[in-house]
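Trainee: pasted the sequence and its predicted model underneath.
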Number of protein chains: 2
Amino acid sequence: MSYSDNIIALASPSGTGAIAVIRISGPEAIAITDTTFKSIGNKKLINQRSHTIHLGHIVDGDTILDKVLVSIFKEPNSYTGENVAEISCHGSPYIQEKIIQLFLRNGCRMATAGEFTLRAFLNGKMDLSQAEAVADLIASDSEGAHKIAMQQMRGGFSLEIKKLRDELLNFASLIELELDFSQEDVEFADRKQFEQLLAKITTVLKNLLDSFALGNVIKNGIPVAIIGEPNVGKSTLLNALLNEERAIVSDIPGTTRDTVEDHISIGGINFRFIDTAGLRDTVDKVERIGIERSYEKMEQASLIMYLLEASEANNTDIEAFIDKYRHKQIVIVANKIDEISAEELAELTDTNPDWLFISAKSRVGVNQLKNKLLQLSNAGNLGKNDTIVSNNRHYDALLKALEEIQKVKEGLSEGLSSDLMAVDIRQALYHLGEITGSVTTDDLLGNIFSNFCIGK
Amino acid sequence: MSYSDNIIALASPSGTGAIAVIRISGPEAIAITDTTFKSIGNKKLINQRSHTIHLGHIVDGDTILDKVLVSIFKEPNSYTGENVAEISCHGSPYIQEKIIQLFLRNGCRMATAGEFTLRAFLNGKMDLSQAEAVADLIASDSEGAHKIAMQQMRGGFSLEIKKLRDELLNFASLIELELDFSQEDVEFADRKQFEQLLAKITTVLKNLLDSFALGNVIKNGIPVAIIGEPNVGKSTLLNALLNEERAIVSDIPGTTRDTVEDHISIGGINFRFIDTAGLRDTVDKVERIGIERSYEKMEQASLIMYLLEASEANNTDIEAFIDKYRHKQIVIVANKIDEISAEELAELTDTNPDWLFISAKSRVGVNQLKNKLLQLSNAGNLGKNDTIVSNNRHYDALLKALEEIQKVKEGLSEGLSSDLMAVDIRQALYHLGEITGSVTTDDLLGNIFSNFCIGK
């Protein structure tokens, strides 16, 4: 399956920068670039070796659009597996547009979202779960999410699935062969071995399915609602949690800082702090007012941090609150311990052994709080080589595969006839194949790649 | 003059995209990259040829940060003239930061704004006006601005200055030589030829200075104030002007569109439409209310477009307005001509031959309006090979050089002694040298390059 047309898109982030990269892929990618590129020394790109870089000008008739570097990659040794040219131009949106327009007039068409990666998949450069990992990698904004995406992109997870599927496929063939000899009552497939394989597959699938709860929070961040009356020190606490992170990146020009305000990475895991403005008053008041939206937000949170002032600890009735949200994980945090005496603090810690005592202002107890959050989230112990499923589609396919495998197991133990068992095996094979892309439909590919950015 | 340290910065626009490019430059740029880059096939970058691309992983200890392509450029054949490595990684801000942090720990430091281009200048890869053109090129957002920047980057303008300066320098040497023989009353410098050179320099400088008015508006766009009562069709007109541009770029994913709202490119020249909300009422009212800010905005505009409804043309007294703003260029535009009869229209065009008659809604007369704006702006006749000065610093230096040249001319005609004339010539040489960077100071370089983006 290969494409006859040539696609182009901006591959670097849109906007203004020092340079921008425009990517062209297709059978004539390099030849088309030759028609608009005048290299220093008048070399033709088509005659150059793969993985080389050439300085020159992009010209549109008499007009020089830009002085650029062109990198060429010859099929199959490129990202897409096709001929690829990458133009590194000056990072002006005007120039980016003019160059892309020129190529559109010269036989390219705009790439659709994810089309470069789709072509990479269809040309066998990567399997489907690896292709999906590319998008996850680009979206990754924490150590945990990055680790999972990187692992998936390297193929560890899909190789495991592929190996099991191949073994299952082998049995399926033997069992279907039995159908041809059904009147002779032979068994080509060793039932004992088959049972062992099914047990192995079941274990692997169950482990992968179990990993999804963790994979999902790591990928999407752990939603935390902070509850507390005004002035209990919520923003001071957020800053205290945040600043340590910021110190590390202070030298790096980045855009993430603007949006990082309520995302805090602890131990490589993102915690998303949810604004519960409506709940800032006491619990009783909230219950009286009954603000629907705030309740909804509380429900979205998997962790609730209840922040109060240490000096007010004895005047706060949080029993009702804890009772109401007993289905959530709740951390009670007493702030401003620098404003009470050592005796008062000692008494408080005695009466409330589960609480955390901090001073956000002077950064006392902040690390303990971080550890507590990490521990409650259950995401802190992400090992280096753990295989983690973080993709809803994979979870769904694994779940369906497991159901079919269970049916096959039952069939096997009940001595189901080969022809009926073969149907269930085919279904299991289908769902496992969906993960790696051994089985695909246009709809499936459309769904997956439409979520990519254009240019990838 | 060469640097001993190695600098790093994100070169592509910040944010998320398919890929991002990180640039490293310095004596050890490639060697440092080798310490963190594991190529497929375990090749060392340092042993590879210049202008080649290598696939591999950036690793931080045991952790794989990303699968990347590394391009290497060996000194002096790189942008900066130093050893350069460019890492093309996945376009996640998280990955960008992690890779930059890794290199900072491995012996690089963050590049300051424009430092790559500063190094290119100091290593003789381009002169100062070419370096400045790089920033202009990146900022260019119209055909005109792009053309001027491209021309300046290619060196046409500075080569001309350099040539004249060399000739002047030659005469300066001869005249200073006369000082050594002052008692013998010899003239090494041919006064006739010198006079001709001064005349030539004067002409060139005057032409360049004259071009600045145009260069400045082309670079910064032409500010246009639209005045009109509510509902006269201001936004319909802006959309009509804008949509034709948009149609061209409709297929191109770009970010400029968001900010293009009140920038309209006509004939390759940017017109910036200034919101004069305060002046939307009739002129009389405005004068009564006297909103300071709106007046200021009117003063900033070099063109004023007065928009009125054709059906109200006879009820509108615009004489007072025209009188008040007689120092500005004013276009009177009667909109909604589709709402009056042909007879009324004929009468109006007879009585007001200078007005433009349009229907923004049905796009009648919009092209004539564009031509009128272009004509009034005086920017439409930008030839392909005109040398245009668009930089304030260059204008300033040219002006000072011209003053000194005038003094030299006067001295020459008045038979001034060689030693006094030599002082003025040196001053002229200094100011001409400032343009190309033959003469620089740290302050000057600091001022210029601090306006660049980091990564360029």
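Mentor: Yes, it's here.
Trainee: and the longest strand for chain A?
Mentor: strand A:63-73 (DSSP state E).
Trainee: next, the angle strand B:63-73 makes with that one.
Mentor: 130 degrees (axes from the mean of the first three to the mean of the last three Cα atoms, to 10 degrees).
Trainee: packing partners for strand A:63-73?
Mentor: helix A:29-36, strand A:37-39, strand A:52-60, strand A:84-90, helix A:93-105, helix B:143-153 (3 or more Cβ pairs under 8 Å, 6 or more residues apart in numbering or on different chains; DSSP states H and E). (Each C-beta comes from the backbone N, C-alpha and C, glycine too.)
Trainee: ok, which stretches of the stretch 101-250 of chain A are helices?
Mentor: Assigned by DSSP state H, counting those that start in this stretch, the stretch 101-250 of chain A shows helices spanning A:115-122, A:128-139, A:143-153, A:156-180, A:191-220, A:234-249.
Trainee: returning to what we had before: out of the helices and strands packed on strand A:63-73, which gets nearest to B:Leu118?
Mentor: Across those, B:Leu118 has its closest neighbour in helix B:143-153 (15.5 Å, Cβ to Cβ).
Trainee: what count of nearby residues applies to A:Met110?
Mentor: Counted with other Cβ atoms under 10 Å in any protein chain shown, residues neighbouring A:Met110 total 17.
Trainee: before we move on, which element is the residue lying closest to A:Arg191 once chain neighbours are set aside in?
Mentor: Nearest residue to A:Arg191, sequence neighbours excluded (Cβ to Cβ, 6 or more residues apart in numbering or on different chains): A:Leu412, at 6.6 Å. Element membership for A:Leu412, per DSSP states H and E: helix A:392-413.
Trainee: just after the helix or strand of chain A with the lowest mean pLDDT, pick out the following helix or strand.
Mentor: For chain A, counting by mean pLDDT, DSSP states H and E, helix A:256-259 ranks last in confidence among helices and strands (a mean of 32). Going down the chain from helix A:256-259, the next helix or strand is strand A:263-266, by DSSP H and E.
Trainee: what strands line up against the next helix or strand after that next one, and which way round?
Mentor: Next along the chain after strand A:263-266, taking DSSP H and E as the criterion, comes strand A:269-274. Here strand A:269-274 is paired, per DSSP bridges, with strand A:222-227 (parallel), strand A:263-266 (antiparallel).
Trainee: what are the buried residues along strand A:269-274?
Mentor: For strand A:269-274, the neighbour count (16 or more other Cβ atoms under 10 Å in any protein chain shown) marks A:Ile269, A:Asn270, A:Phe271, A:Arg272, A:Phe273, A:Ile274 as buried.
Trainee: the third one: what's it in contact with?
Mentor: Contact partners of A:Phe271, counting by Cβ atoms under 8 Å, 6 or more residues apart in numbering or on different chains, are A:Gly221, A:Ile222, A:Pro223, A:Val224, A:His263, A:Ile264, A:Ser265, A:Leu303, A:Leu373, A:Ser377.
Trainee: from chain B, how far off is the residue most central in space within chain A?
Mentor: For chain A, A:Asp136 is the residue whose C-alpha lies nearest the centre (Cα atoms, centre = their mean; 3.6 Å). Distance, A:Asp136 to chain B, by Cβ to the nearest Cβ, to the nearest Å: 9 Å.
Trainee: list the residues that contact that residue.
Mentor: Contacts of A:Asp136 (Cβ under 8 Å, 6+ apart): A:Ala145, A:Ile148, A:Ala149, A:Gln152, A:Met153, A:Lys219, A:Ser390, A:Asn391.
Trainee: residues of the stretch 101-250 of chain A that sit close to chain B?
Mentor: Residues of the stretch 101-250 of chain A lying near chain B by Cβ under 8 Å from any Cβ of the partner chain: A:101, A:104, A:110, A:116, A:134, A:137-142, A:145-147, A:150, A:153-154, A:248-249.
Trainee: would you mind listing the buried residues in stretch A:353-363?
Mentor: For stretch A:353-363, burial by neighbour count (16+ other Cβ under 10 Å) applies to A:Trp355, A:Leu356, A:Phe357, A:Ile358, A:Ser359, A:Ala360.
Trainee: export it as PDB, just CAs?
Mentor: The C-alpha trace of stretch A:353-363 is given here as PDB (Å, rounded to 0.1, in the frame of the first residue of the first chain):
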ATOM      1  CA  PRO A 353      -2.500  11.800  63.600                       C
ATOM      2  CA  ASP A 354      -3.700  11.600  60.000                       C
ATOM      3  CA  TRP A 355      -3.500  15.300  59.300                       C
ATOM      4  CA  LEU A 356      -0.500  17.000  57.700                       C
ATOM      5  CA  PHE A 357       0.900  20.000  59.400                       C
ATOM      6  CA  ILE A 358       2.600  22.600  57.300                       C
ATOM      7  CA  SER A 359       3.700  26.200  56.900                       C
ATOM      8  CA  ALA A 360       3.400  26.900  53.200                       C
ATOM      9  CA  LYS A 361       5.000  30.300  53.800                       C
ATOM     10  CA  SER A 362       8.200  29.000  55.300                       C
ATOM     11  CA  ARG A 363       8.000  25.800  53.300                       C
END
